[in-house]
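1. quick one, what's the 3D model for this:
(2 chains)
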Amino acid sequence: MRRVLSFVGLMAMAMVVATAAPATAKTFRFAFQGDVASMDPYALAENFSSAFENNMYEPLVRYNSKMELEPALATSWELVNPTTWRFHLRKGVKFHDGSAFNADDVVFSLKRAQSDGSDMGSYVGGIVEARKIDDYTVDLVTEEPNPIIANTIALWYMMDKEWAEAHGAVEPVDLGKDRENYATLHANGTGPFKLKSREPGVRTVLEINNDWWDKGNQTFNVTEVVFTPIASDATRTAALLSGELDLMYPAPVQDVKRINASGIATVLQGPELRTIFLGMDQERDELLYSSVKGKNPLKDKRVRQAFYQAIDINAIKTKVMRGASTPTGLLIAPGINGFDPALNGRLPYDPEKSKTLLAEAGYPNGFDIQLDCPNDRYVNDEQICEAVAAMLARVGVNVNLLAQTKSKFFQKLKKHDVSFYLLGWIPDDQDAGSVISNLMVPPQDGGLAWNGGSYGNPRITALSRKIGSEIDAKKRQSMISESFKIMKDDVGYIPLHQQALSWGVRKGVTVAQRSDNALNYWYITIK
Amino acid sequence: MLAFIFRRILQSIVVMLGVALVSFSLFTYVGDPITNLVGIQSSDEQRAQLRESLGLDDPVLVQFARFVGRAARLEFGISYQQKRKVVDIIAERLPATLELSMLSALLALTLGVPMGIYTALHRDSWFSHLLLSLSLIGVSLPTFLIGITLIYIFAVQLNMLPSFGRGEVVHLGFWSTGLLTASGLKATIMPAITLALFQMTLIMRLVRAEMLEVLRTDYIKFARARGLTNRSIRFGHALKNTLVPVITITGLQLGSIMAFAIITETVFQWPGLGLMFIQAINEVDIPVMSAYLLLIACFFVIINLIVDLLYFAVDPRLRVGREAAAGRSPT
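-> This is a model prediction of the structure:
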């Protein structure tokens, strides 16, 4: 009898506990069009993966929901000498497995981020050494003075030395040697969530880390996160409308109205930090893909300007992007360090002027040219190109559009096998300096292959070097502004717009939308 | 019989080598994997280094030999995108596709064969005409349209079935099955129907056509003259002979279902081989793509072999013919 009673009592207690716990347990279910590349934060420097991993791993300095820099694993930092920044580390921070975070982990993380198989080159490439001063102080020594080091390392996450050594994850996978590494499927960070399970391509589940150092300062009530990649736009939208998801992105522009009218979810839209623009081959003496032989029409500023002014960006905004874009006059968005609102104006839409300019330049009947575009990388990329082609046709320039999948397109672009192309760019370090040095300096002078038209101007090249090491913020800004003014006067590129983020969010769920499209779960409240 | 099997196996090996050649040349001609392996701001030096370490600069014949040797040992390398062993990825995804394919083939057969028999036996009934007209829909509507419509009706409007995924799965050893959980079963219904619709129509019309033809043959006339019951004639004699082409087609279709469940898997986000393949194409993940091609070729080859062997079992005419021919001595 006693056994039965105590059993019943136990069951009753269990039921009470079971019903009590879920009241505070909130599961956040969301979907994205692709999957996280890997649980290893150094595997691929890709926008979405980086944002996802930021919920498990943390950098020394992080961006908040307004894209402002704030201390994370470092509480403060100062310049000791032009090439050395001293970081003071936060005390009392633990990794998910309980081991303490200290300077050894920073030193190890740098070594790992700079080893073969790591894709953190653009973040830590300029750092020569991480010198441990004491358990909670580290010096980062850079090759050249770096005034924006905090920006540069905001996406470089700290990993645990002891954990990596114990599990054979000391080096990110080296594809040439066919070795996997433990960190691909497992994670041990300092962040607000721990990895519960990972099925690549299927589902990834995170659970709350109750020992997170910042838990007290943030308002959120999510205790579990279930992420599924859903590639098909229609299925993703259906899943949101059926109530199976709390959030999904990107919400396809053609479904925005339907979602907003559904009563179940709304679409949260805001400008993304990515700028979409058109580039032109200004290096060759004869274009590869045009009907003009013997000379390169795009080398003539009047032709470039004619192209610019033939494009009706507002029509693109309303008809192609359905309102989900912000026309821009620069290659960078507001929110990028170095943005100058005074320079964000555009040349007016004036097809008559275009025709006049073309005639002046010697092409009264226009000419033919090929436009290269990706068709699965940016929001409505192919449709934007089709619209541009139609608008140029009105001023006499016949555009032959070649839109293809991003891997083939990027291959072509990087070989400079293009005459006229579309590209989108968001600087990894949220700073204009890298945009100038990468896209406005010809590759032979240090620019990247992504400068598909080899646009350059000797003055910009000279300024770019100084911008890289100028510590004084005001002087730096004036050099940046000058570079952009020159680019605009040259019509080196034709900026189009910032595309819009669009997140489908279920009613009752509050999130913070970061302009680099990152979803941080510590800003989410579910009613 | 043994000689036949041996010959077929030899032919299969030749086919597999041909596929291996195609699969291998993917490495040379499709996109540039380096672009997808590294982030947008990696230096050209890093890219050149990666090229070399992946062996992308060796002569073609050397690379092909290396490739065949490793494929034979089931070593397909490491996925460029997921950075895990390709064998592991395929092993994870295989159960999902196999389960879905088998279920939809089963559905197509159990519904298609009876429907075909009925419409053959009762040619002029209104129900037959109804079935035939509806079946046209199954053939002419594209798979993704059927899938999305089903999702819209049953997931969005009625909230009865899940719109994506496989639900909860139970892992039994290396196999993962969704059939043992409620959510898993619910998740299988719509994808299975979507995949089965086309096959079902095909099978139904095939069975109908074959049966009509067989019912007109001489030996059926003789059986009727002899006084055998209708049931015995139809199901004992006619059906068996009808099934020969049906088996062939179904066998090939099964291979097709497995290989090309891509669209259905994409619509329902079903974590199978088809979805894996599409993702691999988008990311130019060549190890995965080539492993998939080899795997599918293998499936087709094995299925064809089994189908040919089944001929012997099912069609009495073939059996008798061969025995008689074997019995005749040369002297």
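2. report whether the helix or strand hosting B:Ile302 contacts chain A.
-> Using DSSP states H and E, B:Ile302 sits in helix B:286-314. No. Figure legend: helix B:286-314 not in contact with chain A (C-beta under 8 Å from any C-beta of the partner chain); closest approach 9.5 Å. Quick note: C-beta positions are derived from backbone N, CA and C, even for glycine.
3. can you give me the strands for the stretch 201-350 of chain A?
-> Assigned by DSSP state E, counting those that start in this stretch, the stretch 201-350 of chain A shows strands spanning A:203-208, A:224-229, A:247-249, A:265-280, A:325-327.
4. same check, this time on the stretch 51-200 of chain A
-> Going by DSSP E, counting those that start in this stretch, the stretch 51-200 of chain A shows strands at A:61-63, A:69-71, A:74-81, A:84-89, A:127-134, A:137-142, A:193-199.
5. which elements pack onto the first one?
-> In terms of contact count using 3 or more C-beta pairs under 8 Å, 6 or more residues apart in numbering or on different chains; DSSP states H and E, strand A:61-63 is assigned the packing partners strand A:69-71.
6. over to the second one?
-> Taking 3+ C-beta pairs under 8 Å, 6+ apart as the contact definition, the neighbouring helices and strands of strand A:69-71 are strand A:61-63.
7. show me what contacts A:Gly362?
-> By C-beta atoms under 8 Å, 6 or more residues apart in numbering or on different chains, the contact list for A:Gly362 is empty.
8. run a quick neighbour tally on A:Gly279.
-> Counted with other C-beta atoms under 10 Å in any protein chain shown, residues neighbouring A:Gly279 total 25.
9. please name the bridge partners of it.
-> A:Tyr421, A:Tyr493 (DSSP bridges).
10. buried residues in stretch A:53-71?
-> A:53-63, A:67, A:71 (16 or more other C-beta atoms under 10 Å in any protein chain shown).
11. and among the strands of the stretch 201-350 of chain A, the most buried is which?
-> Comparing those by mean neighbour count (mean count of other C-beta atoms under 10 Å in any protein chain shown), strand A:247-249 ranks first with a mean of 24.
12. out of the helices and strands in chain A, which is least certain?
-> Counting by mean pLDDT, DSSP states H and E, the weakest-scoring helix or strand in chain A turns out to be helix A:2-24, with a mean of 49.
13. rewinding a little: for A:Phe277, find the nearest of the strands of the stretch 51-200 of chain A.
-> strand A:61-63 (23.7 Å; C-beta to C-beta).
14. just the buried residues of stretch A:53-71 now: which is nearest A:Ser262?
-> For the buried residues of stretch A:53-71, the nearest to A:Ser262 is A:Asn55 (28.1 Å; C-beta to C-beta).
15. unless I'm mixing things up, the closest one is touching A:Ile524, no?
-> No. If you go by C-beta atoms under 8 Å, A:Asn55 and A:Ile524 don't touch, sitting 10.3 Å apart.
16. ok, A:Leu240 - contacts?
-> With C-beta under 8 Å, 6+ apart, A:Leu240 has these contacts: A:Ala31, A:Leu247, A:Met248, A:Ala251, A:Ile259, A:Ile264, A:Ala265, A:Gly504, A:Arg506.
17. just to revisit the earlier point, format the strands of the stretch 201-350 of chain A as a markdown table; extra columns: mean pLDDT.
-> What follows is the strands of the stretch 201-350 of chain A, written out as a markdown table (pLDDT from 0 to 100):
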| stretch | mean pLDDT |
| --- | --- |
| strand A:203-208 | 95 |
| strand A:224-229 | 95 |
| strand A:247-249 | 94 |
| strand A:265-280 | 93 |
| strand A:325-327 | 93 |
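18. can you add distance to A:Asn102 and give the contacts of A:Leu240 back as CSV?
-> Formatted as CSV, those follow (distance: C-beta to C-beta, whole Å):
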residue, distance to A:Asn102
A:Ala31, 37
A:Leu247, 36
A:Met248, 39
A:Ala251, 43
A:Ile259, 47
A:Ile264, 47
A:Ala265, 44
A:Gly504, 42
A:Arg506, 41
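19. among these, which two are most distant?
-> It's A:Ala31 and A:Ile264 that sit farthest apart of those, by C-beta to C-beta, at 15.1 Å.
20. quick one: B:Ser163 is in a helix?
-> No. If the criterion is DSSP: H, G, I helix; E, B strand; the rest coil, then B:Ser163 is coil and not within a helix.
21. hang on, the earlier thing: list just the nearest of the contacts of A:Leu240 to A:Lys466.
-> A:Ala251 (42.7 Å).
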